[in-house]
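[1] test case, fold it:
(one chain, ligands or ions: 1)
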Amino acid sequence: MVQKITIAIDGFSSTGKSTIAKELAKKLGYIYVDTGAMYRAVTLYAMNHHFVSSSTLNLDELEKHLPSIRLSFVFNANLGFAEMYLNGVNVENEIRSLEVSQLVSKVSAISSVRKKLVHEQQDMGKHKGIVMDGRDIGTVVFPDAELKLFMTASAEKRAQRRYKELIEKGDSVEYEAILHNVVERDHLDSTREDSPLSKADDAIEIDNSDMGLQEQFDLIYALVTSKLS
Ligand code: DC
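    Modelled structure (predicted):
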């Protein structure tokens, strides 16, 4: 029997990591984990409890509450992917809002938050057969992953994709605000002290600015197949 592997997909925000990761997991029969959703759910919890805002951060209170933050992924057969639950409540839509996007870099820079989530992520992947996407998967969570990908695309292309997604969902947002958020998050995520976004030495970089989904999928699937053979 072919051994199952661990696939780590890192990269900047809105590079389409999760779309590719989901498709790949489906095709391989692997578990898919969107770690950005976990950081977003902790951010939503902190927002709802007034531990964080654009001008404040109550680190003590947030750290005290960390043990009461229960995150789980629940598979939705209609959608064909797992949705994020925070303390038993489906927050899949709420965590994608611009408000959460504007605060998530602040919360995800906190070492105690990262420690909790990295531990949970490593536990989910202990039997391999997993596709995980995020910022530090190939560098910190699974440094021994058999396949590591690093996705990039221009900030404008990524902002256009995000804008389209939110507009299609019925959110009223401005393209300029999305672009600003994408650029700001790139900067914050790459310059934070704990586990900054960086390409692992052994990761394969894919710039998908001008690539269609099928083209990307075929390229990545070929890489997976070569690892499995
Ligand atoms: O993938 P995303 O855009 O939904 O991620 C949201 C934020 O979470 C991102 O700006 C940085 C943070 N994040 C992180 O620090 N580490 C990860 N493994 C995944 C996401």
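[2] near the ligand, which residues of the protein are found?
    With Cβ under 6 Å from any ligand atom as the criterion, the chain comes near the ligand at residues 13, 35-36, 39-40, 104-105, 108, 134-137, 185, 189. (Each C-beta comes from the backbone N, C-alpha and C, glycine too.)
[3] now the residues you listed as a markdown table including secondary structure?
    As requested, the residues of the chain next to the ligand are exported to a markdown table (DSSP: H, G, I helix; E, B strand; the rest coil):
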| residue | secondary structure |
| --- | --- |
| S13 | coil |
| T35 | helix |
| G36 | helix |
| Y39 | helix |
| R40 | helix |
| V104 | helix |
| S105 | helix |
| S108 | helix |
| G134 | strand |
| R135 | coil |
| D136 | coil |
| I137 | helix |
| R185 | helix |
| D189 | helix |
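[4] which of those residues tops the neighbour count?
    Counting neighbours by other Cβ atoms under 10 Å, I137 leads the residues of the chain next to the ligand with 32 neighbours.
[5] I figured that residue hits A21, correct?
    No: counting by Cβ atoms under 8 Å, I137 sits too far from A21 to count as a contact (9.9 Å).
[6] pLDDT score for the residue most central in space within the chain?
    Centroid check for the chain by Cα atoms, centre = their mean gives G36 as the closest residue, at 2.8 Å. Here the pLDDT value assigned to G36 is 96.
[7] out of everything not next to it in sequence, what's closest to it?
    G134 (6.0 Å; Cβ to Cβ, 6 or more residues apart in numbering).
[8] A helix includes R158, no?
    Yes: with three-state DSSP as the criterion, R158 is assigned to a helix.
[9] for it, list the residues it contacts.
    F12, S13, S14, T15, V182 (Cβ atoms under 8 Å, 6 or more residues apart in numbering).
[10] phi, psi for the second one please.
    Backbone torsions of S13, given as degrees, to the nearest 10, read phi -70, psi 150.
[11] could you measure from it over to T43?
    Using Cβ to Cβ, to the nearest Å, we find S13 at a distance of 14 Å from T43.
[12] show me what stretch 206-217 is in contact with.
    15-16, 19-20, 23-24, 149-154, 157, 219-220.
[13] span of it from start to end?
    One end of stretch 206-217 sits 11 Å from the other (Cα to Cα, to the nearest Å).
[14] same check on stretch 86-104?
    Terminal residues of stretch 86-104 are spaced 15 Å apart (Cα to Cα).
[15] could you pull up the mean pLDDT of that stretch?
    What stretch 86-104 shows for mean pLDDT is 95.
[16] residues in contact with it: which ones?
    36-37, 39-41, 43-47, 52-54, 68-72, 74, 83-85, 165-166, 169, 171, 173, 177-178, 181, 185.
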